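1. sharing a model that was predicted from the sequence below.
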Amino acid sequence: MTATRNDKRGEVAVRLEKPSGAVANPARSRLLAGFLWGIAGVVSIALLWEGYKFFGPDNGVLIGELRVLPRTTDLAMPHLWDMMVRLAEPVTRADGALPLWAVVALAALLTLGIAAAGWAVGVVVGVGFALLMQRWRLAEFGLLPWIVISQTVPLIAFAPVVKSWGSRVEIGSFEWQDWMSVALIASYLAFFPITVGALKGLQSPDRIHVELFETYASGYWSTLKKLRFPAAVPYLLPALRLGAANAVIGAVVAEVSTGLQGGIGRLLIQFAGQASGDPEKAWGPIFGAIILGLVAAGSVALLGIILKDYRRTEEAA
Amino acid sequence: MTATSANAIVNGRSGTGARRSKGWSPRTESTLRIVAPISFGLLVLGIWQLLVTVGGVDDYLLPSPTSIVAELVEFWPAVVSATVLTGTNSLLGLLVGSLVGIVLAAIAARWRIADQMSAPIVAALAVVPIVALAPVLNSMFGADSQFGRQAIAAIASFVPIFINTLRGFRQTKPVHRDLMKAYAANSGQMLRSLTLPTARPFILTGIRIASSLAVISALVAEYFGGPRGGLGSLIATSAASSAYSRAWAYVGASIALGLLFYLATLALERLVLRRVPTGGSR
Amino acid sequence: MSDQILNSAALTEAQRTAGDMDAAAVSVRGVNKQFQTATGVVHALEAIDLTVSAGEFVSLIGPSGCGKSTLMRLIADLDDPTSGELTVFGKTTTQARLDQDYGIAFQQAGLLPWRTVAANVALPLELHGVASAARRARVADLLDMVGLTEFADRFPDQLSGGMQQRVAIARSLAEQPRLLLMDEPFGALDEMTREKMQTDLVRIAADTGAAVVFVTHSIPEAVFLSDRVVVMSPRPGRISQIVPMRLNAVAGREDRSDNLREESSFFEMVTEVREALHGGAADGTADEPRGARGVDTR
Ligand SMILES: Nc1ncnc2c1ncn2[C@@H]1O[C@H](COP(=O)(O)OP(=O)(O)O)[C@@H](O)[C@H]1O
Ligand SMILES: [Mg+2]
């Protein structure tokens, strides 16, 4: 069920045919066309925004009491160029204040770090669970239904409660930091898709391959290393990417609900509070959050390029 | 070459045992599939209750299941109204997201350019934290409006529905398309008798996945301000005032809501696909 | 290339004399195999007795579902018999598997898609700790033997079905097994490729001196390749007849070439196997719907 949320689009299947020299490569030009149309798509969203702002009524479109299209005042829908200009301006009027984009970038970096920590924990735990369930079918029977169900319920609702744990955990000199609560929630969200994807992947080798390894009298670990993990790569990569996206979402939400300072979640709330006087400012952290998600998922996509040999079966699909 | 057989013996440890011990009979297996998760669930619940009552784990850290149930009973009316509010937001979001997702996917399947234009946007929507839009949506639609939450639920459910539907529209087999062409079927007939039936299981799978996302997003959006009264804001306020058992009771309600959405869409999927032996969704 | 093959043949010969020459390559005594399924018990094999001597080429032939794959899987220790006894070179099948006494090839090539051709052939050597220099040399020999040297760095999806199957055969020969188990290895190939592969296999089997147990659907294929053809009948799977091949035109199996396919002794043997097959299968319909499992249906 996780795999469905990840389309395989955007991952360009590179088939190694004979290199066809410098002649204009049809695959390459199709790629370029796709790229240009993609940009056109983004631009058309921008045009839609400005067009509606220009033609739409100030108070939005209401059906009865319900406003179905937004207000078009500068307060509700700032011009895109004003948002861009605002990014370059100092964040406050105080002397020596950093430009907005720098503040957003610093906050995004912090959130990215927390999300990455959460993601790493999610990977370790998720792959661990998958190994357990692959090895012992009873473990799969007992655990998997719970894992699938927990994917369908809003476990992120726990976030405000997790904060209460933080202040109370103290083991020796180790003291629980607030950011760890955030990372814990992020790891929680990353864990589910990774577990399910890893399990699917580890179970994916064809029977013929499993039996081949059996005829080689190959032990558990060497079968894992030479067969199960390589075969799991096409399943693991989308799961890791979804896990990364989830970790970012979890980190942002957890920052908001635990009130952690310094991250992008906090900025979202803080700048939205100032929106009545400075509406463009609220968009700064939104752009930051978008870029954050793209960077997180993009880093995992890079991993996919490194592991491209293990993804040869994907191309046929 | 000489090393091979010696090494084979060294490496061959696990070879025999593991494989054959798995030989459960079909009946044992289907029994275990039901018994194992239930006993695991009961085990966890038992350990939890024991930890709290006997093990002396702080009630702040982990309220006992019984005290959560007590809170649930005490605040029942508030729980119900909060669940209805958040549930309505999720449902509206899911409906709008499904409609928009299916229509746009149909357009993208029909016109390649639409597909190419939407590809980067959908890919981005799938990985960015959409809830980040909550604050500005509140100011665009008015701070007293639930619209922002519904919009976020709609965007969140749009993504899997669009992706799955588009995939479904692409599943028609060349041999079937050729057949329709040979019958000189027009595009409406093609859609009715080939494309839609093929895509149906995929659309339903998309809706099932989206149902959970809609609830999660509608709930989380409440953390980002706006009118109170939904499950998300009540969890946040209860936790902030250290009423942890009550917070857990609301968490329980939101879990029930998510499960309700999931099971309802699962039932819809089963119901619609029951007569059609495609089995194509997964 | 013939140099290397002669070398490896000589080596195998040395191994064989040093080892248990007297033990049969495969010995099957009174073997029964039943599967418990949701719909009841399937008698896949009943009272099977079969001996394959060292260096002998034996084909198993019979309609779908007569238990050919099951028998092969029992020999390979991929399944356990319900009753009866199997030995490979005088050892239990498990011990023979742990000692890597056999190589195996299935109907599908079963190459790992993320490994190059060379790395696929090297897989068993790698798993058994052969040093990388020795591994490279051996892989080069094997690819030469199956005529795929230029394709060493390709990936399986860049090869035709016939080439993939040749890689799988090279892989099954990697550790110079004294026994080769092959389950319809040419089943998915076109007739032309198939004949070429048969000719190659005759040569390779003769060069390496390995015993071969070969499952096939095709009568001419069985006749062309084998010393003996084991004819089986279904429900329950039984050996109905064992037909020794008397192809008088040629002295040794290694001398069989495409010419043989046009000789009268060849046709006589084809007829004999056909009659054995049809006599044995008289009690059942020829083809049952391709059933649940088994290597070849995968
Ligand atoms: N794992 C299994 N479980 C249940 N039945 C099986 C299994 N493997 C094989 N069979 C049954 O045993 C019989 C023989 O199968 P098989 O050896 O694959 O036949 P062949 O290879 O000659 O076509 C068939 O009826 C098949 O359905
Ligand atoms: Mg078979």
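-> That came in fine, so what should we check first? Ligands and ions are numbered 1, 2, ... in the order given.

2. walking through the stretch 1-150 of chain A, point out its helices one by one.
-> Using DSSP state H, counting those that start in this stretch, the helices of the stretch 1-150 of chain A run over A:26-55, A:80-88, A:100-135, A:137-152.

3. deepest of these, which one?
-> By mean neighbour count, with neighbours taken as mean count of other C-beta atoms under 10 Å in any protein chain shown, helix A:100-135 ranks first of the helices of the stretch 1-150 of chain A at a mean of 21. Just so you know, the C-beta spots here come from the backbone N, C-alpha and C atoms, and that holds for glycine as well.

4. give me the angle between it and helix A:137-152.
-> Comparing the axes of helix A:100-135 and helix A:137-152 via axes from the mean of the first three to the mean of the last three C-alpha atoms, to 10 degrees yields an angle of 150 degrees.

5. now for the chain, the helix or strand with the poorest mean pLDDT.
-> Using chain A here. Least confident helix or strand, chain A: helix A:312-316 with a mean of 62, by mean pLDDT, DSSP states H and E.

6. I was thinking of chain C, sorry if that wasn't clear
-> helix C:2-18 (a mean of 42).

7. where does pLDDT dip in the chain?
-> Defaulting to chain A. For chain A, the stretches with pLDDT under 70 are A:1-24, A:155, A:164-172, A:314-317.

8. chain C is the one I meant
-> Across chain C, the ranges flagged by pLDDT under 70 are C:1-22, C:248-255, C:280-298.

9. ok so, going back, ligand 2: which of the helices of the stretch 1-150 of chain A is closest?
-> helix A:137-152 (26.5 Å; C-beta to the ion).

10. can you list contacts of the closest one?
-> Contact partners of helix A:137-152, identified using C-beta atoms under 8 Å, 6 or more residues apart in numbering or on different chains, comprise A:1-2, A:129, A:132-134, A:192-193, A:195-196, A:199, B:22, B:24, B:32-33, B:36-37, B:39-41, B:211-212, B:258-259, B:261-262.

11. touching, A:Gly243 and A:Val121? I think so.
-> No - using C-beta atoms under 8 Å, A:Gly243 is not in contact with A:Val121; the gap is 10.6 Å.

12. shared neighbours of the two, anything?
-> Common neighbours of A:Gly243 and A:Val121, counting by C-beta under 8 Å, 6+ apart, are A:Ala190, A:Phe191.

13. the helix or strand that comes right after the least confident helix or strand of chain C: how far from the chain's middle?
-> Counting by DSSP states H and E, the next helix or strand C-terminal to helix C:2-18 is strand C:26-37. Here strand C:26-37 is found 19 Å from its chain centre; the criterion is C-alpha atoms, centre = their mean, to the nearest Å.

14. what comes up buried for strand C:26-37?
-> For strand C:26-37, the buried set under the neighbour-count rule, 16 or more other C-beta atoms under 10 Å in any protein chain shown, comprises C:Val26, C:Ser27, C:Val28, C:Val31, C:Asn32, C:Lys33, C:Phe35.

15. and stretch A:56-67, by the same measure?
-> A:Gly60, A:Arg67.

16. if we can go back for a sec, give me the subset of the contacts of helix A:137-152 lying in helices.
-> Under the assignment DSSP state H, the contacts of helix A:137-152 contribute A:129, A:132-134, A:192-193, A:195-196, A:199, B:32-33, B:36-37, B:39-41, B:211-212, B:258-259, B:261-262 to helices.

17. neighbours of the residue in the stretch 151-300 of chain A that ligand 1 sits nearest to, how many?
-> Scanning the stretch 151-300 of chain A for proximity to ligand 1 using C-beta to the nearest ligand atom identifies A:Arg207 as nearest, at 9.9 Å. Counted with other C-beta atoms under 10 Å in any protein chain shown, the neighbours of A:Arg207 add up to 13.

18. could you see whether chain B lies near the helix or strand containing C:Leu142?
-> Per DSSP H and E, C:Leu142 falls inside helix C:132-145. Yes - using C-beta under 8 Å from any C-beta of the partner chain, helix C:132-145 reaches chain B at C:Ala134, C:Arg138.

19. which other helices and strands contact the helix or strand following that helix?
-> Downstream of helix C:132-145, the first helix or strand assigned by DSSP H and E is helix C:161-172. Here helix C:161-172 touches strand C:102-105, helix C:117-127, helix C:132-145, strand C:179-183, helix C:191-208, going by 3 or more C-beta pairs under 8 Å, 6 or more residues apart in numbering or on different chains; DSSP states H and E.

20. so what are the sheet partners of the first one and their directions?
-> Spelled out, it's strand C:102-105. Strand pairing for strand C:102-105, determined by DSSP bridges: strand C:179-183 (parallel).

21. wait, doesn't C:Ser265 sit right on C:Phe224?
-> No - with contact defined as C-beta under 8 Å, C:Ser265 and C:Phe224 do not form a contacting pair (11.5 Å).

22. more crowded one of these two?
-> Legend: neighbour count by other C-beta under 10 Å for C:Ser265 and C:Phe224, higher for C:Phe224 (26 against 15).

23. can you pull the contacts of the closest residue to the more buried one other than its chain neighbours?
-> Among residues not flanking C:Phe224 along the chain, C:Gln198 sits closest, at 5.6 Å (C-beta to C-beta, 6 or more residues apart in numbering or on different chains). C:Gln198 is in contact with C:Phe186, C:Glu221, C:Phe224, C:Leu225, counting by C-beta under 8 Å, 6+ apart.
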